[in-house]
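Chemist: okay, here's the prediction I keep looking at, along with the sequence it came from:
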Amino acid sequence: EVQLVESGGGLVQPGESLRLSCAASGFVFSSYAMSWVRQAPGKGLEWVATISSKGGSTSYADAVKGRFTISRDNAEKTLYLQMRSLKPEDTAVYYCEKKLDSTANRYSSYSHRGQGTQVTVSS
């Protein structure tokens, strides 16, 4: 059974940093690309970033480019999202997704999504 468990969310002030983690199990983690998506209050899901299966390629939404970094540790079967210079508009529930392929193509389909972790950016 595929399981994706996010952690690391919390309440931070604007300008601060936070690192999210996603622990994966139930599949060959190193064979699949992974993504982070988020959902702000009252809004739909928004793609944030994707990383290829081996970690060599990444892609980012314009809203987070230069501030967020997606990475993975295939030995530990864990996906990360390092978030810096956080803004109030980054407030959302953040989800990790298992993609169906191995590339960093943001448009490829996903097969599973975790339960999410809340990130709140407020002074």
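Modeler: Looks like it arrived, so ask away.

Chemist: which residues does stretch 101-117 contact?
Modeler: 2, 4-9, 20, 22, 31-33, 35, 37, 39, 47, 50-54, 57-59, 93-100 (CB atoms under 8 Å, 6 or more residues apart in numbering). For glycine as for every other residue, the C-beta is placed from the backbone atoms N, C-alpha and C.

Chemist: kindly report the same for stretch 65-79.
Modeler: 21-25, 29-30, 34, 36, 48-51, 54-55, 58, 60, 80-86, 96.

Chemist: in that stretch, what counts as buried?
Modeler: 68, 69, 70, 72, 77, 78, 79 (16 or more other CB atoms under 10 Å).

Chemist: now do stretch 99-107
Modeler: Those would be 99, 103, 104, 106, for stretch 99-107 by 16+ other CB under 10 Å.

Chemist: the bottom helix or strand of the protein by mean pLDDT?
Modeler: Every helix and strand in the chain was compared by mean pLDDT, DSSP states H and E; the lowest is strand 110-113, with a mean of 92.

Chemist: following it, which helix or strand comes up?
Modeler: strand 117-121 (DSSP states H and E).
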